[in-house]
Structure formats: structure tokens, C-alpha cells
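In: Mind folding the following:
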Amino acid sequence: MINFYRTDDRIIHEEDNLAPGVWVNMVNPTVTEGEDIARELDIDLQDLLAALDEEEGSRVELEDGYTLILVDIPATEIRHDKEAYNTIPLGIILTQDIIITVCTEETPVLQAFINGRVKEFSTKKKLRFVYQILFRVSTLYQSHLRIIDKKRTEIEERIDDHTENVDLIDLHALESTLVYFATSLRANAVVLDRLTRYKRLEQYPDDKDLLGDVIVENRQAIEMTSIYRDIINGTRELMSSVLDNRLNHVMQSLTSITLVMGIPTLVSGLYGMNVNAKWVPLANTAHGFGLICIMILVICVLLLFFLKRKKIL
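Out: Next up is the predicted model:
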């Protein structure tokens, strides 16, 4: 899908064709659509559709007549019937008069511009537009990171009696997401560093200030990712310890029960031997069976009291 947008007097509207000052937004375009745009703007097709390859890394490439900028942006997906996060490439191509964005899916980063929620936005100020896109990318990372930390907090609040194995799996999924985020953010930081030395298009003082803000936000997202990874690692270790302690408690209880139940088994085994009755205590005593049962009960109660006092049971 290809859409053409243009801003006039800070109001964005959709265009029908290519023209100077137009923003070309390509969402999962077909090869035919890519060939049409590449031919009309004299852009290499592989560069134009580079963002459609999920394995593409973040980079900046200066070509004859255009500049290719690839960054990783956060995205959501359904994994095991739950919402999860991943990263996908976003391609930005700058020509002398036109800016092109290419992505495999619609993203909130660009929807904010289409819906007019970004102030001081103009498709004609291409470099500033790029910095505004990158600023939205960094803030979206931070927003997702806060949601991830909120999910971790919810899991942490269930630690103790309500801890389940599925919580460990969820924590592992969150930790994996943070690994992907950290890798993408560091790669984006290299792109931002390269853009600080970008001289192909004229940069205004406001543009340089905005780029500085983007670098700060991206650095903050990297720090947040590192902090949340450490916290999740601590939470996972705590949860593992709780599950281990619960298992140890169960084993202690089973051992105590086995010990207590062993007393009547031992006594009944001794009295069940095929020996002369005169050698068996209470064998010929009136109410001997009842006395033996009472003796077993007393021993079991005393043993239970001892185990409870020693906090073994």
C-alpha cells in the first residue's frame, strides 16, 4: 500500500501523485509498487525495499541522489495468545525533494504524523521530519518499556502462594524482549551518531537541537532497558527461590508424615511376627490391643509436637 501526503500551512492532506514536498508512505508494498516508485525516483529497488527484510540492520547509506536510513522500531505481535513486543526495520529514504518511509506494517510512529498529532510537522522540511520520526521511535520504546515493567510488577506481586510456573515463562519472554530492545537501541544510536555528521541536506539550528533531543531520548531508553533487565533478572531469581522453598517445604512435610506413619507400621510389624505369645508384651493382657493403639497414638502425638517445635513440619 502506498499513500502520498503533503502538509500545507501545517495541515496534512493526502495527495494523488508524486510531487516535490510529498511524503511517500509505503506499508508492506508489493514488488510491483516498489518498482514503480524506484523507477520514477531513480532509486535502487533493493535499497527501497530493504526495510521489508526483518534481518536488515540499522544503518545509514549515502547513494547518488538519495540517502537511505534504516532504524529498528518497536512493534507488537500476538505470541502464545498474549501480546508481545518485537522490533522491525523502518526505512527512510531522502531525495532532494521527497521523503519516503517503508515498513512492513502500520506503526504508531508514522500514524501520529498522519493523524496530525505532531506539532511543527512539515513534509517539506525533510531532515526535521526524519528527526521527528526518530524522536517518536525513542519515545515509543520508552512507552513499551514502562508497560514491560508494569507486567513485571504484576508478576512480582503474585510471588509467594500464587506463584506459578507460567510466571517464570512470562518473565523469560519479557527478558527476551528487553534483549531485542537493547540490541536495536544500540544500533539506532550508531545511526544517530552518523546523522550528527550528515551534511548532504541543510540543517537548521532547530534541527540540530531536535537531533540532540533524539540522542538523549535514545540514550535514556538504553538505560531503561538495562535497568529493567537487571530488575527482571532479580525477580526471576527471587521467584525461582520461592518455588524451590515451596518444594523443600513439601518434601519436609512428606518426610514428616512418613516418619509419623512409620511408628504404627513398625509396631504392627513387630506384633505381627509369628512368635510365642508369652514373649510379646500385652499379648495376654485384657484390652491389650486398645492399650497398644493408645501407646502408638501418644508416641505419634509427641513426635508431631517435636517436629512442630523444631519447625520441621
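In: drop to CA atoms for contacts and neighbour counts, all remaining ones
Out: Noted.
In: Buried residues in stretch 9-26, which are they?
Out: 12, 18, 21, 22, 23, 24, 25, 26 (16 or more other CA atoms under 10 Å).
In: Now the terminal residues of it, how far apart.
Out: By CA to CA, to the nearest Å, the extent of stretch 9-26 from end to end equals 24 Å.
In: on that earlier part again, list just the nearest of the buried residues of stretch 9-26 to residue 97.
Out: Residue 97 lies nearest to residue 21 out of the buried residues of stretch 9-26, by CA to CA, at 5.6 Å.
In: looking at it, the closest one is touching residue 100, isn't it?
Out: No - between residue 21 and residue 100 there is no contact, the gap being 10.7 Å when judged by CA atoms under 8 Å.
In: And the closest residue to residue 168 other than its chain neighbours, how close does it get to residue 181?
Out: Nearest residue to residue 168 in three dimensions, chain neighbours excluded: residue 236, at 6.7 Å (CA to CA, 6 or more residues apart in numbering). Residue 236 is 19 Å from residue 181, where distance means CA to CA.
In: what does residue 311 give?
Out: For residue 311 relative to residue 181 (CA to CA), the value is 46 Å.
In: do residue 127 as well
Out: Separation of residue 127 from residue 181 (CA to CA): 25 Å.
In: Kindly report the same for residue 143.
Out: In terms of CA to CA, residue 143 sits 12 Å off from residue 181.
In: Compare the two and say which one has the larger neighbour count.
Out: Neighbours were counted for residue 143 and for residue 181 using other CA atoms under 10 Å; residue 181 has more, 25 against 13.
In: In a strand, residue 92, correct?
Out: Yes - in this structure, residue 92 lies within a strand as judged by DSSP: H, G, I helix; E, B strand; the rest coil.
In: so it bridges to which residues?
Out: Here residue 92 shows beta-bridge partners residue 69, residue 101, assigned using DSSP bridges.
In: buried ones in the helix or strand containing residue 297?
Out: Per DSSP states H and E, residue 297 falls inside helix 288-309. In terms of neighbour count (16+ other CA under 10 Å), helix 288-309 has its buried residues at 292, 296, 300, 303, 304.
In: With that, I have no additional questions.
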